[in-house]
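**Q** Sequence and predicted structure below; questions after.
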Amino acid sequence: MADNQPPAPENSNQTEEEKYLKWEDYFMAVAVLSSKRSKDPKTQVGACIVNQDKRIVGTGYNGMPNGCPDDEMSWLHKDENEVDHKHLYVCHAEMNAIMNKNSADVKGCTMYVTLFPCNECAKIIIQAGLSKIVYLSKKENDTSERIAAERLLQRSGIAYRRLESKRTEIKISLTAKDYGAKQQSENPNVLAPGASQREEESDEVEAEDE
Ligand SMILES: Nc1nc(=O)n([C@H]2C[C@H](O)[C@@H](COP(=O)(O)O)O2)cc1CO
């Protein structure tokens, strides 16, 4: 390479298909990213609801109800304690995504969810009028909740299928230089070019973070 040539971008050997996300991968990635907010120490679940215009109208993850701080509630498994276990209290990702909707309703929408819904969520999904479910994973064992969920969805005519994707992972960087900043400043008081807006915003979120 001649000296005056800029270095090849890191992703220059990617195919066009690899460079951008297909819609389904994008929506499932939003569900996965949402799951990363969950404080459940064993199973983090995320959901993303998309309308017929491919607009995201709700996201959610499994967490304790409002007023029940995640850090103060028990995350024990039902095998470990009869009354003080998470399954009695936690709101599932699917329910939270529906409750968090930013549109009038979610009728005809598709839910992207990282784990196949249980029977209780299947009921909520049906009653909310969703049309399709795309899931990433299904637990191996056939629990009665799972069997009931499938029966309910089938009877109600809600189509469900596992995501089929060529991608196995998506890497996400939160480093300014990966988004066009010339260099990341060593001095935390000097912002890297293009990073000022983001740093100011992230401070605000950090102050409220739990
Ligand atoms: N579809 C689902 N959405 C969910 O949000 N969950 C939540 C409830 C719990 O917080 C956790 C499951 O915990 P465990 O049984 O793997 O330790 O995931 C669980 C399922 C599975 O039906």
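**A** Looks like it arrived, so ask away.
**Q** now check stretch 69-80, is it near the ligand?
**A** Yes. On the criterion C-beta under 6 Å from any ligand atom, stretch 69-80 is in touch with the ligand at residue 77. To be clear about C-beta, it is placed using only N, CA and C from the backbone, and glycine gets the same treatment.
**Q** Now that stretch: buried residues?
**A** Using 16 or more other C-beta atoms under 10 Å as the burial criterion, the residues of stretch 69-80 that qualify are 73, 75.
**Q** can you check stretch 128-144 too?
**A** Per 16+ other C-beta under 10 Å, stretch 128-144 contains these buried residues: 128, 130, 132, 133, 134, 135, 136.
**Q** Please produce TSV containing the residues you listed, extended by distance to the ligand and secondary structure.
**A** Formatted as TSV, the buried residues of stretch 128-144 follow (distance: C-beta to the nearest ligand atom, whole Å; DSSP: H, G, I helix; E, B strand; the rest coil):
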residue	distance to the ligand	secondary structure
128	15	helix
130	14	coil
132	16	strand
133	10	strand
134	13	strand
135	8	strand
136	11	strand
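**Q** a markdown table for these, including pLDDT and distance to residue 88?
**A** A markdown table is the format used below for the buried residues of stretch 128-144 (pLDDT from 0 to 100; distance: C-beta to C-beta, whole Å):
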| residue | pLDDT | distance to residue 88 |
| --- | --- | --- |
| 128 | 98 | 23 |
| 130 | 98 | 25 |
| 132 | 98 | 30 |
| 133 | 98 | 25 |
| 134 | 98 | 28 |
| 135 | 98 | 24 |
| 136 | 98 | 26 |
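**Q** Now do the residue most central in space within the chain against residue 120, distance only.
**A** The central residue of the chain, meaning the one whose C-alpha is nearest the mean C-alpha position (C-alpha atoms, centre = their mean), is residue 31 at 2.0 Å. Distance of residue 31 to residue 120, computed by C-beta to C-beta, to the nearest Å: 19 Å.
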